[in-house]
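Trainee: I would like the atomic coordinates for the input below:
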Amino acid sequence: MGNASGGERATPHRGGFSRAQGLCLVCAGLLMVLGGVLYFTSPARASTPDRSAAGTDMVNGLTGGADVGDGQTEGGEDAGSLRTFSPAIFRLGFSFVAGFALAYAARTFLRISLLAMGVFLLALFGLEYAEVITVNWDTMREHYDTFASSIGSSFSDFRTFITGRLPSSAAGVAGLVLGFRKH
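Mentor: Here you go, the predicted structure:
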């Protein structure tokens, strides 16, 4: 369908996520599901064999060697290793989603806070200009400095959380970057 000018109708931007953000979130969600499925469907190994001798069992398992009789299949897939790596796969997806959600919420909070602060300051300037109130700017500056230092320490704690507490920091940081990114 065309509009009055004969061109194609442009679809308005409705907010939400960009295609890249949505695709990354879907991939991270799939990693979380894959990690959970692998964990719950892979059989736990009853005992771990001694692989310290020459490492041949481990090499055969990684290179697709024949059945070595310790829980590995003929294709070299170690059923126990799937269960071992599944939490890491889940954490990778979860870290991305957590980082994205934190950044998206922080970006939204900052946008709303900046708008509210702008309206407040405009009202303050207007009331002072109309000589309705007198503003003590030195006290305002002291309160701002206190607020800025508390935000600085909070950001330091947040950075510590992202780099130390999230299981996969790289995925968490990637989620943060993509969450802060504008559509």
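Trainee: hey, let's count contacts and neighbours off CA atoms from now on
Mentor: Noted.
Trainee: the bottom helix or strand of the chain by mean pLDDT?
Mentor: Of all regular secondary-structure elements in the chain, judged by mean pLDDT, DSSP states H and E, the least confident is helix 56-63 with a mean of 38.
Trainee: Who are the packing partners of the helix or strand Ala106 falls within?
Mentor: Secondary-structure assignment from DSSP states H and E places Ala106 in helix 79-129. When contacts are defined as 3 or more CA pairs under 8 Å, 6 or more residues apart in numbering; DSSP states H and E, helix 79-129 packs onto helix 19-41, helix 169-180.
Trainee: Identify each buried residue in the first one, please.
Mentor: Just to be clear, that refers to helix 19-41. Burial within helix 19-41, assessed by neighbour count using 16 or more other CA atoms under 10 Å, is assigned to 21, 24-25, 28-36, 38-39.
Trainee: Surely Leu82 touches Tyr39?
Mentor: Yes. Counting by CA atoms under 8 Å, Leu82 sits close enough to Tyr39 to count as a contact (7.1 Å).
Trainee: Glu131 should be in a strand, yeah?
Mentor: No. According to DSSP: H, G, I helix; E, B strand; the rest coil, Glu131 belongs to no strand; its state is coil.
Trainee: Give me the number of neighbouring residues for Thr84.
Mentor: Look at Thr84: counted by other CA atoms under 10 Å, it has 17 neighbours.
Trainee: State the distance from the residue nearest to it when sequence neighbours are not counted to Gly29.
Mentor: Nearest-residue entry for Thr84: Tyr39, 7.7 Å, with adjacent residues in sequence omitted and distances by CA to CA, 6 or more residues apart in numbering. Taking CA to CA, to the nearest Å as the criterion, Tyr39 is separated from Gly29 by 15 Å.
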